[in-house]
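1. Provided below for reference: sequence and predicted model.
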Amino acid sequence: MTLSGAPAPARPGEFSPLRLGPITVWPPVVLAPMAGVTNAAFRDLCRGFGAGLYVSEMITARGLLEGNARTRLLASSAPDEKPRSVQLYGSDPDVVGEAARLLVGEGVDHLDLNFGCPAAKITRQGGGAAIAVHPRLLGRIVGAAVRGAGAVPVTVKMRTGIDDDLLTFREAGRVAEDAGAAAVGLHARTAAQLYAGDADWRAIAELKALLRVPVLGNGDVWECWDALRMLRETGCDGVIVGRGCLRRPWLFGELAAAFDGRLPGEQPRLGEIVRIMRRHAAALVGLFGEPVGMREMRKWCLWYTSGFRGAAAVRGALPRLETLARLDAVLEHLDPDEPFPAAGLRTSRAKDGRRQEVRLPEGYLAARDDDRPPPEPVGDALEAALGGG
């Protein structure tokens with residue numbers, strides 16, 4: 001099931017593998033780090049459908065160094081997860097550099113730095129997406145991470161800017177490259193957009209023309225055909241897949257097929273999706289324990305079943321969804337032969353369409369050469385405030 005007029009699969013030799021230092025990624029597809037989503041359980045599920053690079057949800061450098069238990073858990077991976085990829089956030093170069101050394105010492109193969117977080121609690125302090133407004137600071141952070149990581153490649157992920165009047169991606173991309181970044185990922189929306197509106201793929205093409213290192217495009221990749229179209233239209237070196245896979249982890253299998261020149265299969269029926277849900281729930285329970293794992297699974301139940309006729313019954317059962325046995329009892333009432341809803345290919349319940357006014361610290365724009373790190377919330381408050389980019 002694809003959009004009418006979908007493009008053809010990749011031709012032999014049309015696209016090249018993504019190369020990040022010693023790492024070769026084929027197909028050139030990266031799972032976007034997403035808070036509350038890309039933990040080890042979901043990454044393992046996605047890996048089962050197709051190859052690519054699967055990045056952890058964002059962890060904070062400070063939380064890692066302070067030994068925060070949840071930070072350590074979110075940075076964990078299965079023994080067979082190779083390459084092991086972690087996204088790191090921090091606004092203090094010294095802290096980020098030390099965290100990079102620690103992670104590499106524990107066997108991490110790839111580090112990604114988050115400069116795209118649009119959370120108001122972070123940007124109003126000058127952190128997250130606001131760091132790109134101070135390019136010298138961004139360069140110090142990237143340089144510290146690169147030195148701390150040694151031979152392990154460090155990439156960065158950013159947004160196009162604060163809003164349409166303050167676009168930062170051009171200078172930030174050049175600064176990151178000069179500081180030693182192995183690649184730059186661009187979410188082609190501003191911090192003010194959050195996840196609303198269309199991603200501006202023209203910015204991805206422009207950044208690709210500016211930089212020598214690989215450029216990865218992010219935004220509005222809902223189907224495998226969108227990934228092919230993004231590479232063809234922008235010339236970028238790979239795609240970062242975010243919301244498009246939240247209810248469809250099998251999208252990575254479709255991406256593998258399209259990049260290998262094959263047509264993907266039909267969308268699974270509800271019975272197969274129920275089996276995927278059960279596998280996902282069991283993995284979450286294995287990672288977090290049953291009480292926390294099942295609470296984590298509640299949002300996934302909404303996403304997986306949205307658009308199916310039995311979705312209302314699942315929603316009604318969510319407050320009491322506390323055990324795997326209860327999940328089985330809810331899912332057994334669904335019709336296993338119901339086909340996947342066509343509208344579900346290009347929608348996500350994970351983010352709404354709202355926008356925001358981004359407030360920066362007083363005097364922040366007047367001191368764009370300032371390379372001093374902004375203040376960060378203390379302890380768990382920082383972990384709670386961050387929401388991905």
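-> Cool, the structure landed. On a predicted model such as this, the values are computed, not experimentally measured, just so you know.
2. Quick check: which element contains Ile240?
-> Assigned by DSSP states H and E, Ile240 belongs to strand 238-241.
3. Need the contact partners of that strand.
-> For strand 238-241, the surrounding residues in contact (C-beta atoms under 8 Å, 6 or more residues apart in numbering) are 18, 25, 28-32, 157, 183, 185, 187, 214, 216-218, 221, 227, 230-231, 251-252, 255. For every residue, glycine as well, the C-beta is placed using N, CA and C.
4. same thing with stretch 329-349?
-> 1-3, 222-223, 243-244, 246-248, 267-274, 277-278, 301-303, 305-310, 313-314, 317, 321.
5. where do the helices sit along the stretch 51-200 of the chain?
-> Taking DSSP state H, counting those that start in this stretch as the criterion, the stretch 51-200 of the chain contains helices spanning 61-65, 69-74, 93-105, 120-123, 135-149, 169-178.
6. how about these, which one is nearest Leu284?
-> In terms of C-beta to C-beta, the element of the helices of the stretch 51-200 of the chain nearest to Leu284 is helix 69-74, at 11.9 Å.
7. Any buried residues in that closest one, and which?
-> Buried residues in helix 69-74, counted by 16 or more other C-beta atoms under 10 Å: Thr71, Leu74.
8. ok, back up a step: for ChimeraX, write a command that selects the buried ones of the contacts of stretch 329-349.
-> Restricted to buried positions by 16+ other C-beta under 10 Å, the ChimeraX selection for the contacts of stretch 329-349 reads:
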select :222,223,243,244,246,247,248,267,270,273,274,277,301,302,303,305,306,307,308,310,314,317,321
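9. Narrow the contacts of stretch 329-349 to those in helices?
-> Among the contacts of stretch 329-349, DSSP state H puts 270-274, 277-278, 301-303, 305, 313-314, 317 in helices.
10. now, which of those residues sits nearest Gly97?
-> Trp303 (36.8 Å).
11. There's contact between that closest one and Arg248 in this structure, I believe.
-> No: between Trp303 and Arg248 there is no contact under C-beta atoms under 8 Å: 9.1 Å.
12. rewinding a little: partners of the strand holding Ile240, with directions?
-> Counting by DSSP bridges, the strands paired with strand 238-241 are strand 29-31 (parallel), strand 215-218 (parallel).
13. Leu255 belongs to a helix, doesn't it?
-> Yes: applying DSSP: H, G, I helix; E, B strand; the rest coil, one finds Leu255 inside a helix.
14. and it, what is it in contact with?
-> Applying C-beta under 8 Å, 6+ apart to Leu255 gives the contacts Pro27, Val29, Gly50, Gly52, Cys224, Ala227, Val241.
15. what bridges to the second one?
-> Taking DSSP bridges, one finds Val239 as the beta-bridge partners of Val29.
16. was I right about it contacting Asp226?
-> No: counting by C-beta under 8 Å, no contact exists between Val29 and Asp226, whose distance comes to 11.5 Å.
17. Between those two, which has more neighbouring residues?
-> For Val29 versus Asp226, neighbours defined as other C-beta atoms under 10 Å are more numerous around Val29 (28 against 24).
18. who's in contact with the more buried one?
-> Val29 makes contacts with Gly50, Ala51, Gly52, Leu53, Ala227, Gly238, Val239, Val241, Phe252, Leu255, Ala256, Phe259, as judged by C-beta under 8 Å, 6+ apart.
19. Please tell me the pLDDT value assigned to Ala51.
-> With respect to pLDDT, Ala51 scores 88.
20. Not counting its neighbours along the chain, what's nearest it?
-> Ala256 (6.0 Å; C-beta to C-beta, 6 or more residues apart in numbering).
21. I'd like to know how far that neighbour sits from Glu223.
-> Taking C-beta to C-beta, to the nearest Å as the measure, Ala256 falls 13 Å from Glu223.
22. Check Ala257 too.
-> Using C-beta to C-beta, we find Ala257 at a distance of 12 Å from Glu223.
23. residues of stretch 24-40 that come out buried?
-> Of all the residues in stretch 24-40, those buried under the rule 16+ other C-beta under 10 Å are 25-35, 37-40.
24. C-alpha coordinates for it, CSV please?
-> The C-alpha coordinates for stretch 24-40 follow below in CSV (Å, rounded to 0.1, in the frame of the first residue of the first chain):
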residue,chain,number,x,y,z
THR,A,24,29.2,1.9,7.1
VAL,A,25,25.4,2.1,7.2
TRP,A,26,23.3,0.4,4.5
PRO,A,27,20.6,1.4,3.8
PRO,A,28,21.5,5.0,4.6
VAL,A,29,18.7,5.2,7.2
VAL,A,30,18.9,6.4,10.8
LEU,A,31,16.3,5.9,13.6
ALA,A,32,15.9,9.4,15.1
PRO,A,33,16.6,9.6,18.8
MET,A,34,13.2,10.3,20.4
ALA,A,35,12.6,10.9,24.1
GLY,A,36,10.4,8.2,25.6
VAL,A,37,10.6,6.2,22.4
THR,A,38,13.9,4.9,21.2
ASN,A,39,14.9,2.9,24.2
ALA,A,40,16.6,-0.5,23.8
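25. And it, how far out from the chain middle?
-> Per C-alpha atoms, centre = their mean, to the nearest Å, the displacement of stretch 24-40 from the mean C-alpha position of its chain is 6 Å.
26. can you tell me the average pLDDT over it?
-> Averaged across stretch 24-40, the pLDDT comes to 96.
27. same thing with stretch 126-138?
-> Mean per-residue pLDDT for stretch 126-138: 96.
28. which residues touch Ala99?
-> Going by C-beta under 8 Å, 6+ apart, Ala99 touches Ala61, Arg62, Leu64, Leu65, Leu88, Gly90, Gly148.
29. ok, Arg368 to Thr190 distance?
-> In this view, Arg368 and Thr190 are 17 Å apart by C-beta to C-beta.
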